[in-house]
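**Student:** Please work out how this folds:
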Amino acid sequence: MIRLRAALAAALTLATAARADEALVQAQQRYQAGVERFKARKFDEALREFEAAFALVPMPRVVIHIAETHLAMGNK
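**Tutor:** Below you'll find the model as predicted:
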């Protein structure tokens, strides 16, 4: 019984880690897409990408880019 519990705990840990890794990869992709759209002056699209990245993994640098995008759009 103890081995079964240990095996289940290990499986759950691995599954959780895999989901976290996938979320981080997706967040990084969305963040990079936001940077590219910002450089192209597509601010509405950049904002959507940055907000999607932040929803996946709340990273402080994304908040800065969200604020910069709002400023570039003329929002205060």
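
**Student:** Do me a favour and average the pLDDT over stretch 28-42.
**Tutor:** Mean per-residue pLDDT for stretch 28-42: 97.

**Student:** Give the residue spans of this structure that score low on pLDDT.
**Tutor:** Across the chain, the ranges flagged by pLDDT under 70 are 1-20.

**Student:** try 50 this time
**Tutor:** Applying pLDDT under 50 to the chain flags residues 7-8, 11-12, 14-15.

**Student:** Stretch 69-76: end-to-end distance?
**Tutor:** Criterion C-alpha to C-alpha, to the nearest Å; first-to-last residue distance in stretch 69-76 is 11 Å.

**Student:** How far off centre is that stretch?
**Tutor:** 21 Å (C-alpha atoms, centre = their mean, to the nearest Å).

**Student:** could we number from 14 for the rest of this?
**Tutor:** Shifting the count to begin at 14 puts that one at stretch 82-89.

**Student:** Right, I'll call it a day here.
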